[in-house]
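Undergrad: just coords:
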Ligand SMILES: Nc1nc2c(c(=O)[nH]1)N[C@H]1C(S)=C(S)[C@@H](COP(=O)(O)O)O[C@H]1N2
Ligand SMILES: [Mo]
């Protein structure tokens with residue numbers, strides 16, 4: 001936990017809701033999580049296969065590019081590194097794209113990230129949260145239920161894809177949804193990397 005305010009940010013006590021488009025319906029039977037891209041063999045996991053993976057609890061600061069920062073939210077989820085057990089990456093893989101729902105398309109939203117800094121306990125696909133004024137509860141549909149990504153505090157929160165559908169492994173850094181529209185590829189709040 002860092003608890004340090006990046007430049008140009010203000011601290012908020014609430015957890016704001018921010019996304020484009022509508023909130024998808026969750027259907028346990030058809031939900032799945034795809035691991036694809038530069039891998040020897042693609043793999044698709046069912047909801048139960050994902051939820052049976054080892055769980056991690058971590059307290060992570062969130063920094064949104066719209067200038068709010070929320071310190072000290074605890075999340076329960078599955079570390080990104082757990083998913084690497086299911087695929088053999090090609091040697092050159094250095095980046096990923098985390099996909100999620102937007103506008104009727106399960107893969108309509110995406111955010112690109114470097115893989116190496118995510119091999120930690122602060123890069124989680126989360127489904128439960130708590131903070132100093134809320135006891136543990138399941139994340140709401142608007143925050144990304146049944147599963148959403150929360151990046152380490154060294155990335156702005158738009159890299160935290162909601163309603164996740166999969167990870168694409170990449171050799172080269174490719175722009176995601178907001179990055180295509182001019183936002184930063186690297187997105188470090190402490191270096192105030194908002195735009196490209
Ligand atoms: N699928 C999807 N995920 C998304 C977004 C989105 O529009 N669609 N918006 C991003 C942005 S810009 C932010 S700041 C965070 C906000 O997460 P929150 O609403 O839980 O605070 O979600 C990110 N994840
Ligand atoms: Mo954002």
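TA: Now that the structure is in, tell me what you want to look at. No experiment lies behind these values; they were computed from the predicted model shown. Numbers count the residues shown, from 1 in each chain. Ligands and ions are numbered 1, 2, ... in the order given.

Undergrad: need the longest strand for this structure.
TA: strand 68-79 (DSSP state E).

Undergrad: tell me the gap between it and the middle of its chain.
TA: Distance of strand 68-79 from the chain centroid (CA atoms, centre = their mean, to the nearest Å) equals 11 Å.

Undergrad: now do stretch 157-175
TA: That offset, for stretch 157-175, works out to 7 Å (CA atoms, centre = their mean).

Undergrad: helices or strands next to the longest strand of the chain in the packing?
TA: If contacts are counted by 3 or more CB pairs under 8 Å, 6 or more residues apart in numbering; DSSP states H and E, strand 68-79 sits against strand 10-11, strand 56-63, strand 124-131. Where C-beta positions appear, they are placed from N, C-alpha and C, glycine not excepted.

Undergrad: for it, which outside residues touch it?
TA: 1, 3, 5-6, 9-16, 50, 53-63, 120-121, 123-132, 136, 147, 150, 189 (CB atoms under 8 Å, 6 or more residues apart in numbering).

Undergrad: so does it get close to ligand 2?
TA: No: Strand 68-79 stays clear of ligand 2 (CB under 5 Å from the ion), getting no nearer than 8.8 Å.

Undergrad: tilt between the helix or strand following that strand and strand 124-131?
TA: Where DSSP states H and E defines the elements, the next helix or strand beyond strand 68-79 is strand 95-102. In terms of direction (axes from the mean of the first three to the mean of the last three CA atoms, to 10 degrees), strand 95-102 departs from strand 124-131 by 60 degrees.
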